[in-house]
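> Using only what follows, build the 3D model:
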Amino acid sequence: MASRGPSLPRITDVAALAGVSTSTASKALNDTGQLREETRERVRRAAEQLGFTPDSRGRALSSGRSFTVGLITTDSSGRFSIPIMLGAEDTLSAGEMALVLCDTRDDPLREQHYLRSLVSRRVDGIIVTGRRTEPRAPIDVPIPVVYAFSPSTDPADISVIVDDHGGAASTVQHLLSLGRRRIAHITGPATHHSAQVRAAAAVATAGSSLVGEPMHGEWSERWGRHAVDVLLRSNPEIDAVSCGSDQIARGVCDRLRELGRSVPDDIAVTGYDNWSVMALASRPPLTTVDLELEELGRRTANLLLDAIAGSPHPGEMALPTRLVTRESTLGT
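From the prediction side, this is the model:
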């Protein structure tokens, strides 16, 4: 008869090694009950020494929680939602919590299906995000919710957003600090909230150094190339272009190079988003704004954990961006 391998450690083994009762060991590992911190730590050390892993089903039953969080997104490409998810997982995994990603594909019916599914699975809370910064209608669920990147229209909800105004202002301030005094701004559709905010920041920060009105078009390299042709016909003496996205900025750089204008010697160019696919592949690499989305994800998850614990922090929180300087403004 084949011999069996060593049996897995049980909660009774942890309790015996820590010198406590089984119920005390369970409370310590599930972070429940009124225990002294040294007792909890002694039990944790015993569990680690034995290689004991608490059963997730028992943990959920004893605490009334599933230790699972849902993330609802409209960002099918994952360009914005994936870094937010990674940051949220950094925070949630520290509490041994799992995250379930649900892509609605901008379909309201699909969103309702996922919400019903998440609630039926008894997730502890939900993070709602998307690919645009427009405020969105709140969801109606009986559990804590935090909105990330795409805020809720209800000021009583918890929303975490990017400080787009500060980010766009930082690029213009950088150009001014380099002595640029004829600055144009090329950005995305005038109907997009992010394009509006970034353009307003460029206008306010550049002041008399702004050349013409902000130019609105697609979030694309093609628009960046076309905008350069339009811009240089009316303002051939510009010395800098602030762009509302890295895609646009890469198109601007490509067209300037084709026209024999050196970047940044003749015209400095800044992007926005720090999307490595665009910013690092551009010729030259782009000075741009990093949205710090992983940090936004971490902050969102912490706010959700507070709400789950009964201490919500309603309102909108704007997190700072980070200017990343590269050759498109500094040269080689």
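
> I'd like the distance between L29 and S23.
As judged by C-beta to C-beta, to the nearest Å, L29 and S23 stand 11 Å apart. C-beta: built from backbone N, CA, C; applies to glycine.

> Name the residue in these two with the higher neighbour count.
More crowded of L29 and S23, by other C-beta atoms under 10 Å: L29, with 22 against 11.

> quick one: that one and A15 touch, right?
No. The pair L29 / A15 is not scored as a contact, 10.0 Å apart, by C-beta atoms under 8 Å.

> Mutual contacts of those two, please.
V43 (C-beta atoms under 8 Å, 6 or more residues apart in numbering).

> what about P189, is that helix, strand or coil?
Here P189 takes the coil state, with states given by DSSP: H, G, I helix; E, B strand; the rest coil.

> if I read this right, L178 contacts V269, doesn't it?
No. L178 is beyond contact range of V269, at 11.8 Å (criterion: C-beta under 8 Å).

> Who has more neighbours out of the two?
V269 (29 against 17).

> Am I right that that one is in contact with V241?
Yes. Assessed by C-beta under 8 Å, V269 is found in contact with V241 at 5.0 Å.

> what number of residues lie near S76?
12.

> just the strands in the stretch 201-332 of the chain please.
215-216, 240-243, 268-270, 288-290, 315-319, 322-324 (DSSP state E, counting those that start in this stretch).

> For stretch 299-306, buried residues please.
299-305 (16 or more other C-beta atoms under 10 Å).

> nearest to S194, of those residues?
Nearest to S194 out of the buried residues of stretch 299-306 is T300 (C-beta to C-beta; 18.3 Å).

> give the contact list for the spatially closest residue to that closest one that is not a sequence neighbour.
Using C-beta to C-beta, 6 or more residues apart in numbering and skipping the chain neighbours, the partner closest in space to T300 is A148 (4.3 Å). The contact partners of A148, taken as C-beta under 8 Å, 6+ apart, are 84, 88, 127-129, 159-161, 296-297, 300.

> got it, and V252?
V252 sits next to 186, 224-225, 227-228, 241, 243, 269 when contact means C-beta under 8 Å, 6+ apart.

> Skip the chain neighbours and tell me the closest residue to it.
Closest residue to V252 apart from its sequence neighbours, by C-beta to C-beta, 6+ apart: G224 at 4.3 Å.

> That neighbour and D157, how far apart?
According to C-beta to C-beta, G224 stands 36 Å off from D157.

> who has more neighbours, these two?
Higher neighbour count among G224 and D157: G224, with 30 against 19, using other C-beta under 10 Å.

> is it true that the more buried one touches T187?
No. Contact criterion C-beta under 8 Å: G224 and T187 do not qualify, at 10.0 Å.

> joint contacts of the two?
In terms of C-beta under 8 Å, 6+ apart, G224 and T187 are both contacted by the residues 243, 248.

> about what we covered before: need the residues touching each of V269 and V241.
Counting by C-beta under 8 Å, 6+ apart, the common neighbours of V269 and V241 are 249, 252.

> so what's N274 up against?
By C-beta under 8 Å, 6+ apart, the residues touching N274 are 246, 288-291, 322, 324.

> hmm, who's touching stretch 318-332?
Under the contact criterion C-beta under 8 Å, 6+ apart, stretch 318-332 has outside partners 160-164, 166-167, 170-171, 174-175, 178, 240, 249, 253, 263-265, 268-271, 274, 279, 282, 284-292, 295-296, 299.

> Put the buried members of those into a PyMOL selection.
Buried residues among the contacts of stretch 318-332 (16+ other C-beta under 10 Å), as a PyMOL selection:
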select buried, resi 160+161+162+163+164+166+167+170+171+174+175+178+240+249+253+263+264+268+269+270+271+274+279+282+284+285+286+287+288+289+290+291+292+295+296+299
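
> Which ones among the contacts of stretch 318-332 map onto helices?
In helices, defined here by DSSP state H, the members of these are 164, 166-167, 170-171, 174-175, 249, 253, 279, 295-296, 299.

> where in the protein is pLDDT low?
Applying pLDDT under 70 to the chain picks out residues 1-8, 31-33, 53-64, 95.

> Now do the phi/psi pair for the residue nearest to T300.
Per-residue torsions, A148: phi -120, psi 130 (degrees, to the nearest 10).

> How about it: which residues does it bridge to?
As for beta bridges, A148 partners with V160 under DSSP bridges.

> Find residues that contact each of L178 and V269.
240, 329.
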